[in-house]
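Peer 1: mind folding the following:
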Amino acid sequence: MSLRTKAVGAGLGALFCMTTAATADQSWSGKLICSYGAGALQLNVDASGAVSGQATNARITSGRVSGSSVTFDFANAMGNRGTFTGTVSGTSMSGTYSQSAGTRETCRWHAALVSGEAKDQIDTANSIIDGLGRVRSGQIKEARPPAAPPPPQRAEPKPDDGRKAAEKEGRDLYARAQAASRNCTYNDQMNAAGLLLQAAGTFDRAGNTAAAAKVRQASVEISKPGGTAERCRARQQAETARKPKPGKLGDKECRANLQQLQKLMDAGGDADLIATARSKLAADGCK
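Peer 2: Now for the predicted structure:
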């Protein structure tokens, strides 16, 4: 093997070593898988290796990537918490998690790198390997000055690789989220947020990053503290407080019944009947 061949191999080895763990400024998209259903998972890794993001009906509260290991915690508005653990390998990561509430079943999760420095490095490495594969053994020659680049050519349209189906799935999920969001209840709003997260993942697979970013932000606006879901819950609680308790009359009914009682008393009605009416109105909460 010539010194030049060894140098090329060493360079590729160094490049591959850099892609075995998550690096700065990465975006990951994946799924949660449990016996009772599946959900969406969106992760971000910053320059320090800190993990943030959200899952269906929950937010990532803390986490870290260290070498090929990843851990992060989640929590939702209902107080349910859990911890994810897993490993990072190139442009994918996967592992298991469990929740503090419910069945406490150990469930699975996985995610793929959508964008970031590591993905660019792997794309570069694959390009180099593809080029070397076309050079027959023993014919590596001394490097020559690079030739002038060829004139730009019109890119051939790529064959459909399932993006149309992913785009349609994303739009269907978005329509379901819109329908759920029209009901101002906490459960409907959180359901809408989860559907929007799933739609964002399918738009990512379809290559429609603009739509993915839009619906992902809409999910955040619904599920964040003080967001639409919490405002609808406060509205529900206020409406419930205004409703008369079972077996009690509202203010309007009490006023009407008290007026009738007063008329009966003014007309010199039967004393027993008046006493019975008073007792019933008192039991109904009328004063």
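
Peer 1: is residue 150 in a helix, a strand, or coil?
Peer 2: Per DSSP: H, G, I helix; E, B strand; the rest coil, the local secondary structure of residue 150 is coil.

Peer 1: could you measure from the spatially closest residue to residue 211 that is not a sequence neighbour over to residue 93?
Peer 2: Closest residue to residue 211 apart from its sequence neighbours, by CB to CB, 6 or more residues apart in numbering: residue 203 at 4.4 Å. In short, each C-beta sits where N, CA and C put it, glycine included. Per CB to CB, to the nearest Å, residue 203 is found 21 Å from residue 93.

Peer 1: what about the one helix or strand the residue nearest to residue 211 maps to, distance to the chain center?
Peer 2: Residue 203 is part of helix 186-206 when elements are defined by DSSP states H and E. From the chain centre to the centre of helix 186-206 is a distance of 6 Å (CA atoms, centre = their mean, to the nearest Å).

Peer 1: then stretch 56-74?
Peer 2: With CA atoms, centre = their mean, you get 13 Å for stretch 56-74.

Peer 1: what sits up against that stretch?
Peer 2: 20-22, 32, 39-41, 43, 45, 49-55, 75-76, 80-89, 93, 95, 97, 190, 193-194, 197-198, 223-224 (CB atoms under 8 Å, 6 or more residues apart in numbering).

Peer 1: for the helix holding residue 203, packing partners?
Peer 2: strand 26-34, strand 37-45, helix 163-181, helix 209-223, helix 228-242 (3 or more CB pairs under 8 Å, 6 or more residues apart in numbering; DSSP states H and E).

Peer 1: mind listing the strands for the stretch 1-150 of the chain?
Peer 2: 26-34, 37-45, 51-55, 58-66, 69-75, 81-89, 92-99, 107-115 (DSSP state E, counting those that start in this stretch).

Peer 1: low-confidence regions, the stretch 1-150 of the chain specifically.
Peer 2: Along the stretch 1-150 of the chain, the model assigns pLDDT under 70 to residues 1-24, 102-104, 116-144.
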